[in-house]
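Novice: Curious how this folds, go ahead:
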Amino acid sequence: MFHSGKRVMSALAEDKAAIADILFKAHLVEYVFVASLAAAIYDYFLTMGDEVSLVWPSRWSLMKVLFLLNRYLVFVDTAIAVQTSINLFSNLEECDAEHRVFICIYVMGIGIVELIIGIRTYAVWRCSKRILCLLVTVYLSGFAGVLFLLNRFVQIETFPSPTLMRHESCTANITIAQAPWPAYIFMVLMESVVILLTLIHCHVSTSPCSKLPQVSPLAQSPRFSPLDEVLRRDGIMFYFTMLGMSITNISLILAGPAALSSMMQMPLRVVHSLLCSRMILNIRNAVLERQITRFPALSVRFATESYLGLEDMGLPNFCDYEAA
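Specialist: Alright, predicted model coming up:
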C-alpha cells in the first residue's frame, strides 16, 4: 500500500508538471499574439504619414479598396486572436463562434494580400493575357484548396471541456492529421509563382531582345529604373520573408509541441499584411519621385506606372492604352 501510494503521488506530480508545462506554453503563445498586435500598431504609426500623403489623395478604385482592407483588417483578426487567447471561456458555443469568425477574417486577410500581389504582377507584365490566365489558374486552384482544407478543419475541430477552458482559453483540440497546414503550402506555392514571374520580367525587360512594350525611349535602358528596383527588391524581400516564416509555422505544426502549434500564425499574418502595405507605399513613392524628376512629355509613361502606385487604378484604361 505504501509503495502504491508513492506511485500515485508520483503520477499526480507528473500530471501537475505536464499541466504546468502546457499552461506555460499557452501563455507563451498569448505573449506572441500580443506582440504581433503591438507590432501591427507600431508599424501603422510609422507608415501613417505615407498613407495619408500617397494613398488618401488617390481616386477610389479596386486597388485602393484592397489596400485599405489589407491595412486595417489585420487589426481585427489579430485583436480577436489576442482576445480568445487571453480570455477564459466557459461557454463552448461562444468559443466556437469566435473561432469561426477569426478563421474567416484571417483567411480573408491572407487572400486580399495574395490578390494585391497578383494584380501587381499582372500590371508589371503590362496586362498580358497569358500572365492573366496563368495567375487566374494558379489563384483559383490555390484558393479552392485552401477553402476545402479550412472547411474540413472547421467541421472536425473540437474544443476542451468548459472546465479546462477556464484555464486554457479558447483553443481547438486538433491532431497533425487534422491541422490545416497544407493551406500554408498553397500560399507559398502561389507566392512562388508571383516572385518567379517578377524575376522573369526583370530579366526579360532588360534584355536587348525583349518584346515587352516600350512606353518611352528611356525604357530601353538596360539598367533598372528606381521603380523597377523597388518592384524587384520588395518582391524578393516579401517572398523570402514569408517563405521563412511559413516554413517555421509548418514546422511548429508538424514537429513542435502541440501547445505551440499556433504560435507563428499571427506573426505570419501580421508580417504578411505589413510587408504588402509597405510594398504598395514604396511603389507609390517611387512613382511620385519619377513624376518629379521627369519631363511632362513623358506623362503617358507616368499614367502607365501610376497604375502600380494607386493613382490611376482602372484596369480597363491601363489595358486600353497597352492595346493602342
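Novice: How about the contacts made by Met190?
Specialist: Met190 makes contact with 114, 118, 138-139, 142 under the criterion CB atoms under 8 Å, 6 or more residues apart in numbering. In this view, the C-beta of every residue, glycine as well, is placed from N, C-alpha and C.
Novice: element containing it, please.
Specialist: Secondary structure assignment for Met190, by DSSP states H and E: helix 182-205.
Novice: how many other residues sit next to Leu69?
Specialist: Using other CB atoms under 10 Å, Leu69 has 17 other residues around it.
Novice: cool, the one 5 residues further on as well?
Specialist: Neighbour count for Val74, taken as other CB under 10 Å: 29.
Novice: next one: Val65
Specialist: Look at Val65: counted by other CB under 10 Å, it has 12 neighbours.
Novice: ditto for Ile156
Specialist: Neighbour tally, Ile156, other CB under 10 Å: 12.
Novice: What of Ala255?
Specialist: Neighbour number of Ala255 under other CB under 10 Å is 9.
Novice: Give me the distance between it and Thr248.
Specialist: 11 Å (CB to CB, to the nearest Å).
Novice: Likewise for Gly142?
Specialist: Distance, Gly142 to Thr248, by CB to CB: 20 Å.
Novice: ditto for Ser85
Specialist: Remark: distance between Ser85 and Thr248 (CB to CB) = 19 Å.
Novice: So which of these two has more stuff around it?
Specialist: Ser85 (21 against 15).
Novice: Tell me the spatial nearest neighbour of that one, not counting adjacent residues.
Specialist: With CB to CB, 6 or more residues apart in numbering as the criterion, Ser85 has its nearest non-adjacent residue at 4.6 Å, and that residue is Glu30.
Novice: Now the helix or strand harbouring that neighbour: average pLDDT?
Specialist: Per DSSP H and E: Glu30 is located in helix 2-50. What helix 2-50 shows for mean pLDDT is 74.
Novice: residue ranges with poor pLDDT in the protein?
Specialist: For the chain, the stretches flagged by pLDDT under 70 are 1-22, 88-91, 158-169, 171-178, 205-225, 290-324.
Novice: As a check, name the ranges of all helices in it.
Specialist: Assigned by DSSP state H, the chain shows helices spanning 2-50, 62-86, 92-124, 129-156, 162-168, 182-205, 226-255, 265-293, 299-306, 315-323.
Novice: Of those, which is nearest Trp56?
Specialist: Among the helices of the chain, helix 62-86 comes nearest to Trp56, with 9.2 Å by CB to CB.
Novice: how deep is Arg126 tucked in, by neighbour count?
Specialist: Around Arg126 there are 18 other residues, counting by other CB under 10 Å.
Novice: Quick check on it: phi, psi?
Specialist: The phi and psi torsions at Arg126 (degrees, to the nearest 10) take the values phi 60, psi 40.
Novice: roughly how far apart are it and Ala39?
Specialist: The value you get for Arg126 to Ala39, if CB to CB is used, is 36 Å.
Novice: got it, and Phe148?
Specialist: Taken as CB to CB, the span from Phe148 to Ala39 is 31 Å.
Novice: do Ser61 as well
Specialist: Per CB to CB, Ser61 is found 29 Å from Ala39.
Novice: Done for today, thanks.
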